[in-house]
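S.K.: Take a look and give me a structure for this.
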Amino acid sequence: MSMGVMMQIDKFSSELWIAFRQVPAYLQEAQNTLARFGRSVADKPRRLREALRERENSLQTLLANSADALVVTNNNHRFVAANPRALDLFGISKSNMREFAIDAFLASDQIRDFDGNGSLLTRQKERHGKCKIRRLDGSFRVAEYVFVAHFTPLRNVSTFRDITPPKLQVAFAAPPKPDLLIF
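M.R.: Okay, here's the model as predicted:
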């Protein structure tokens, strides 16, 4: 073998030896990258739960501090959450709120505004107007509303402001129940 070929073999051998010595470092780096990726993937559900918890807390704060009646409904129009003003406006309690859909309190021609399946005008993401609310006790209230579809995924939010004049609140009230007479 010639001296040139021997030098090339030595050079190749030394380069191969250097590369071979770096394999453990490359393997360690790859293992570290996989570990970081694994922690990132494992951490994602926790971060999502924390983000959801923060969103729920901000919603609860909004519900508690609002001057208007706020109602959160699902896509089936069922009550999911409501602040005390909304519970009072609809005449329901917090314990039985989830049993009702908002449809039970609104006239059928007003329901299209809340389901997004009406005309093109009612398919808007946000709608507003006036509505007549039939409370659980049979009395009525007049309210201005703002409806926002898909406020969060699968949740709609409505804000109601009671504009029923005090005189009409008395007139709309359910007739008093007659006292039982005992003979």
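S.K.: and stretch 101-117, average pLDDT?
M.R.: Regarding stretch 101-117, the rounded mean pLDDT is 68.
S.K.: Oops, could you answer that again for stretch 72-92 instead?
M.R.: For stretch 72-92, mean pLDDT rounds to 90.
S.K.: Got the domain ranges for the protein?
M.R.: Domain assignment for the chain, taken from automatic domain parsing, gives 1-58, 66-172.
S.K.: From A101, how far off is R161?
M.R.: R161 sits at a distance of 21 Å from A101 (criterion: CB to CB, to the nearest Å). C-betas here are computed from N, CA, C, even on glycine.
S.K.: try D88
M.R.: From D88 over to A101 (counting by CB to CB), the distance is 19 Å.
S.K.: again with L154
M.R.: When CB to CB is the yardstick, L154 and A101 sit 15 Å from each other.
S.K.: next one: A35
M.R.: Plainly put, A35 is 49 Å away from A101 if you go by CB to CB.
S.K.: S13 now?
M.R.: Computed as CB to CB, the S13 to A101 distance reads 80 Å.
S.K.: In terms of neighbours, single out the busier of these two.
M.R.: Of the pair S13 and A101, A101 is the one with more neighbours under other CB atoms under 10 Å, namely 16 against 10.
S.K.: Ramachandran angles for that one?
M.R.: phi -100, psi 150 (degrees, to the nearest 10).
S.K.: Show me the shaky parts of the protein.
M.R.: 1, 5-6, 12, 15-23, 108-124, 167-183 (pLDDT under 70).
S.K.: quick one, helices of it?
M.R.: 3-65, 84-90, 108-115, 166-172 (DSSP state H).
S.K.: For the residue nearest to R78 when sequence neighbours are not counted, give me its contacts.
M.R.: Closest residue to R78 apart from its sequence neighbours, by CB to CB, 6 or more residues apart in numbering: A101 at 4.9 Å. By CB atoms under 8 Å, 6 or more residues apart in numbering, the contact list for A101 reads 73, 76-79.
S.K.: Separate out the buried members of the residues you listed.
M.R.: 73, 77-79 (16 or more other CB atoms under 10 Å).
S.K.: Farthest-apart pair in those residues, please.
M.R.: Using CB to CB, the buried ones among the contacts of A101 reach their maximum pairwise distance at H77 and F79, which is 8.4 Å.
S.K.: what sits in contact with each of those two?
M.R.: Counting by CB under 8 Å, 6+ apart, the residues touching both H77 and F79 are 101-102.
S.K.: ok, and for the top strand by length along the chain, which residues are buried?
M.R.: In the chain, assigned by DSSP state E, the strand with the most residues is strand 140-152. Applying a neighbour-count criterion of 16+ other CB under 10 Å, one finds 140-143, 145, 147-149, 151 buried in strand 140-152.
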